[in-house]
Each structure stands twice: as C-alpha cells, then as structure tokens.
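Novice: show me how the following folds:
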Amino acid sequence: MRRSAAILLALVVSAGQLLGQPGQGQRLPNAANSVKLAVIGDNGTGDRPQYEVGAQMARSRAAFPFDTVIMLGDNMYGSQEPADFVKKFEQPYKALLDAGVQFFATLGNHDNQLNRYYKPYNMGGERYYSFAKRNVRFFVLDTDSLDPKQLAWLEDALQGSTDEWKICYFHHPLYSDGGTHGSAVELRVVLEPLFLKYGVQVVFAGHEHFYERLTPQKGIYYFISGAAGQLRRGDVRRSEFKAAAFDQDQSFMLVEISGLDLYFQAISRMGQVVDSGAIRRGRS
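Specialist: Model (predicted):
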C-alpha cells in the first residue's frame with residue numbers, strides 16, 4: 001500500500017492546538033468515559049470495497065468500542081429501493097448494527113431526500129438536526145439546500161449550546177484540495193462566520209472521494225472523509241491548505257473525545273493508519 005504525501009505539522013491556533021507531531025502512530029486513548037465514534041462518507045455503493053471497509057470498522061470496534069457512526073452523505077448511490085437499503089447499508093454494517101451502534105446521517109447530492117425517514121439513519125425525518133453525546137454536540141446540516149430557515153435554525157442552535165465541544169458535519173467541504181470538486185466557497189462564505197462566532201472547533205465533510213485533513217482555518221479544524229465506498233485515486237492536489245491526505249484506497253475515521261482533547265485516526269480499507277493526531281480544545 002502506497003502512502004500519501006508527507007504529513008505536515010499543523011499550525012498552533014487560537015481555538016485549539018495539535019498535540020505533538022501528527023503521523024501514522026498516534027494511539028487512541030480508549031478512555032472509559034470518552035465519546036467514541038467512526039466517520040464515513042460517500043459509502044453507499046453496495047460494492048466489495050464498501051463491505052471491506054465495513055468489516056474493517058467492525059474489527060476496529062473490537063478494540064475501540066465506538067457506539068456512534070456519523071455519515072457524511074452520499075449514503076446511497078444509484079437505485080434507492082427497499083432492497084438497496086439492505087445491500088448498501090444493512091449488510092455492509094450488519095455487525096455494527098447488531099451490536100447496537102447508532103448511525104446518524106446527513107444527506108448528499110446522490111441521496112433521495114426521502115431517505116431522511118429511514119429509521120436507521122436517525123434523522124427523524126429532518127433535513128438538519130442536532131444531537132449530543134456527553135460533552136459533545138453535533139450539528140448536522142443539509143448543504144444541498146442551505147436556505148434561510150436552516151441558517152436561522154443553525155444560529156439559534158449554536159447560540160443555545162453550552163456544550164464543551166461543537167462539531168458540525170455535512171456533505172460539501174468548505175475547504176478541499178480535490179481536483180474534481182474543490183472548496184465549496186459559496187457555502188463557506190455563509191457558514192464559516194457562524195462557526196467562528198459560536199465556537200465550532202471541528203467540521204467534517206464528504207463529497208470528495210478521499211481523506212484529507214486541512215491545516216486549521218481561522219482556528220477551525222476541517223476534515224474530509226469521503227472514501228468509505230467510492231474512491232477517486234490521485235485526486236488530491238498540493239496546496240498550502242493540505243496538512244495530510246490519502247487517496248490511494250477507501251478509508252474511514254475513528255474519533256475519540258476525552259475532556260479537552262479530540263483524537264483521530266484515518267484508517268484504510270486494509271487497516272493501515274494513514275493519518276492520526278490529537279487536537280486540544282482551547283479555552284475561550
């Protein structure tokens with residue numbers, strides 16, 4: 001397995017800092033009372049690589065018992081009939097679902113909007129919503145249709161949150177070095193001021209079929225994890241934004257949040273840790 005380009009040390013920023021030199025060796029603490037989750041995006045192909053990523057996630061959970069998976073959109077490609085939910089979701093993640101792991105989805109441009117009523121996605125029929133795990137609140141957005149009503153909801157939800165960690169996730173990345181799509185600048189102009197005003201520390205997106213960690217932008221850490229089923233090999237360009245990237249195989253992420261620290265690993269379909277590190281939450 002070929003590794004991605006050399007990983008650069010992220011900048012120390014006001015909202016937090018990367019703890020030590022990132023790389024392929026950072027271990028997850030696996031603390032007793034931490035928030036543990038997996039991150040997948042662009043997964044719903046029903047093809048062999050998706051099943052292999054699902055199996056690798058189940059193996060990871062044996063050592064790191066996460067109870068949550070956040071889904072970054074394009075959860076279902078092609079036909080989206082009842083049988084497709086079995087083939088493209090229930091079977092690839094059967095071991096996790098059987099163990100009681102909860103999936104919390106956002107929808108991407110390939111998803112039928114009616115999929116928000118599919119009970120295992122835990123969307124409650126909503127296009128955008130919020131949920132909390134211990135000291136972490138997640139804000140889940142619909143970037144296919146970012147209308148004024150949704151923006152008003154987001155501002156109210158962010159302003160009203162007293163949680164120690166505020167994490168947003170959605171489909172289209174505000175920053176990206178992808179050669180196919182790149183940064184969704186029009187979304188960034190609208191969303192980033194709210195993230196900055198209300199103290200969002202971390203943002204996850206999919207859409208690009210690779211893994212990328214961006215250098216902190218105005219104190220916010222941005223991740224792309226859009227290769228849990230699809231892959232766009234060799235699509236990451238070199239830029240000053242890129243802290244780390246992996247576009248040689250399908251991948252997913254593991255994340256652990258314990259007190260002031262957020263730990264992360266990006267893991268390939270074959271089980272290789274291709275990026276890892278820890279972020280310390282700053283005090284505002």
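Novice: output the contacting helices and strands for the helix or strand hosting F264.
Specialist: Assigned by DSSP states H and E, F264 belongs to strand 261-268. When contacts are defined as 3 or more CB pairs under 8 Å, 6 or more residues apart in numbering; DSSP states H and E, strand 261-268 packs onto strand 242-246, strand 251-258, strand 273-281. Backbone N, C-alpha and C define where each C-beta goes, glycine included.
Novice: let's see that with 7 Å instead.
Specialist: In terms of contacts (3 or more CB pairs under 7 Å, 6 or more residues apart in numbering; DSSP states H and E), strand 261-268 is packed against strand 251-258, strand 273-281.
Novice: strands paired with that strand, and their directions?
Specialist: Using DSSP bridges, the strands paired with strand 261-268 are strand 251-258 (antiparallel), strand 273-281 (antiparallel).
Novice: tell me which of the ones you listed sits nearest to N75.
Specialist: Closest approach to N75 among the strands paired with strand 261-268 (CB to CB): strand 251-258, 13.3 Å.
Novice: re earlier: now do the strand holding F264: distance to the chain's middle.
Specialist: How far strand 261-268 lies from its chain's middle: 11 Å, per CA atoms, centre = their mean, to the nearest Å.
Novice: low-scoring pLDDT stretches of this protein, where are they?
Specialist: 1-26, 283-284 (pLDDT under 70).
Novice: how about the strands in it?
Specialist: Counting by DSSP state E, the chain has strands at residues 16-18, 35-40, 68-71, 102-105, 129-133, 136-140, 165-169, 202-205, 211-214, 221-225, 242-246, 251-258, 261-268, 273-281.
Novice: can you redo those strands as TSV with distance to D47 and mean neighbour count?
Specialist: Compiled in TSV, the strands of the chain are given as follows (distance: least, CB to CB, whole Å; neighbours: other CB atoms under 10 Å):
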stretch	distance to D47	mean neighbour count
strand 16-18	35	20
strand 35-40	14	24
strand 68-71	17	24
strand 102-105	19	20
strand 129-133	29	17
strand 136-140	26	22
strand 165-169	24	24
strand 202-205	22	26
strand 211-214	18	28
strand 221-225	18	27
strand 242-246	19	24
strand 251-258	15	24
strand 261-268	16	23
strand 273-281	21	21
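Novice: not counting its neighbours along the chain, what's nearest R137?
Specialist: Leaving out its chain neighbours, the residue that sits closest to R137 by CB to CB, 6 or more residues apart in numbering is D163, at 3.9 Å.
Novice: which residues touch the one you found?
Specialist: If you count contacts by CB atoms under 7 Å, 6 or more residues apart in numbering, D163 has them with A132, N135, V136, R137.
Novice: leaving out chain neighbours, which residue sits closest to the most centrally placed residue in the chain?
Specialist: Note on the chain: the residue nearest the mean C-alpha position is F204, at 4.0 Å, using CA atoms, centre = their mean. Ranked by CB to CB, 6+ apart and with sequence neighbours excluded, the top spatial neighbour of F204 is Y169, at 4.1 Å.
Novice: over to Y93?
Specialist: G54 is the one closest to Y93 (CB to CB, 6+ apart), at 5.0 Å.
Novice: wait, the one you found touches F89, no?
Specialist: No. Between G54 and F89 there is no contact under CB atoms under 7 Å: 9.5 Å.
Novice: number of residues surrounding L151?
Specialist: Other residues lying near L151 total 15 when counted by other CB atoms under 10 Å.
Novice: actually R232, sorry about that
Specialist: R232: 17 neighbours (other CB under 10 Å).
Novice: what's the closest non-adjacent residue to it?
Specialist: Closest residue to R232 apart from its sequence neighbours, by CB to CB, 6+ apart: H209 at 3.8 Å.
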